[in-house]
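S.K.: Pasting a predicted model and its sequence here:
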Amino acid sequence: MTTQNQDTNIQTGSISAAIISSGIGSMIIGFMTTGAVLSSGLKDFLNLWNPAGPLTGKTTMGVLAWLVSWFILNSIMKNKEYDLGKAFKITMILLGIGLVFTFPLVFEAFE
Amino acid sequence: MSLTTRELWTAIHGMILGAGFLLAFAGGYAGLYSLKSELLTAEGIKERLVRLKWGTSIMALISWLTVITGTYIVYPWYRATPPEGADMSLYPRSFLKADPALSGWHVFGMEWKEHVAWISPILATAVAYLVWRYGPMLIKNQQFRKIVMVLFLLAFATAGIAGLFGALITKAAPII
């Protein structure tokens, strides 16, 4: 059964999946950025292509996390109704975490 | 008057792709802002949506091309390790780090730019998908439209940080 927002007739589950997953991808880029400072093993693991260094792995992980989480969330939520305001708040928190952990004064504090 | 291969790719990355995304933002944002039924006729809404769909999609593509060329073409030239006795001006990262007066451009500027830039295409793609898939609903549900506008604004802001520092770092230590 497809449940939709009665007032606006939009599939809020699929929309929420799309926006929340963008926050997850951003957060993972942040985690990888700071994680590579904290762990030399992770830094080496993320060095997928030596000329560009660990940046390749950090961003690849972020993009993969975004796409995989989008697929999973959409599979779960596509036929459900979800509060868009709540989805937006979750996304902003995830994105905020991503922005904090990609900020040099934060991740360089762990060096 | 000529450009080296490195200068050409740096210009493609920053001045064509990156700047193109930033310049296109105002048009896209204005389009989203004014996507209100009371401001547009039915024909106007139809025309505006087609433009927004293509505009946000092309912007998302440009955003991806910007970060991919930056990371995989330009950045390796920036971060290359100089051999013994090399002309340091050909190795921007080492050149900047060697001078305490300039090292902040790398330690803060480049370190922020290279990471935060990748958030932009993710957000821009989410916006393009939502506009393409649920375009007409942006008019019916103003909360949805405002959410898309915020995501679009953040895609611009993250790209703007990257673009600003890219220009300033290039001024301090150009890739030649």
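M.R.: That came through fine.

S.K.: And the strands in chain A, which stretches?
M.R.: For chain A, no strands are identified by DSSP state E.

S.K.: Where do the helices of it begin and end?
M.R.: A:12-38, A:40-46, A:55-77, A:84-101, A:104-107 (DSSP state H).

S.K.: Mean neighbour count, these: which tops it?
M.R.: helix A:12-38 (a mean of 25; mean count of other C-beta atoms under 10 Å in any protein chain shown). All C-beta atoms are positioned from the backbone trio N, CA, C, and that covers glycine.

S.K.: So it, near chain B or not?
M.R.: Yes - using C-beta under 8 Å from any C-beta of the partner chain, we find that helix A:12-38 touches chain B at A:14-15, A:18-19, A:21-22, A:25-26, A:29-30, A:33.

S.K.: and of those, the nearest to residue B:136?
M.R.: Using C-beta to C-beta, residue A:15 comes nearest to residue B:136 of the residues of helix A:12-38 next to chain B, at 13.1 Å.

S.K.: I'd like to check which residues are in contact with the closest one.
M.R.: A:82, A:84, A:87, B:130, B:134, B:144 (C-beta atoms under 8 Å, 6 or more residues apart in numbering or on different chains).

S.K.: residues contacting the first one?
M.R.: So the one you mean is residue A:82. A:12-13, A:15-16.

S.K.: go again using 10 Å as the cut-off
M.R.: A:3, A:5, A:11-17, A:20, A:73, A:90 (C-beta atoms under 10 Å, 6 or more residues apart in numbering or on different chains).

S.K.: what does the fifth one give?
M.R.: With contact set as C-beta under 10 Å, 6+ apart, residue B:134 has these partners: A:8, A:10-12, A:14-15, A:18, B:140-141, B:144, B:148.

S.K.: Output the helices of chain A in TSV; the columns should cover mean pLDDT.
M.R.: Listed next are the helices of chain A as TSV, based on pLDDT from 0 to 100:
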stretch	mean pLDDT
helix A:12-38	98
helix A:40-46	98
helix A:55-77	98
helix A:84-101	98
helix A:104-107	97
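
S.K.: Out of these, which gets nearest to residue B:70?
M.R.: Closest among those, once you apply C-beta to C-beta, is helix A:55-77, at 9.7 Å.

S.K.: helices and strands around the closest one, which ones?
M.R.: helix A:12-38, helix A:40-46, helix A:84-101, helix B:42-69, helix B:75-79, helix B:111-116, helix B:119-134 (3 or more C-beta pairs under 10 Å, 6 or more residues apart in numbering or on different chains; DSSP states H and E).
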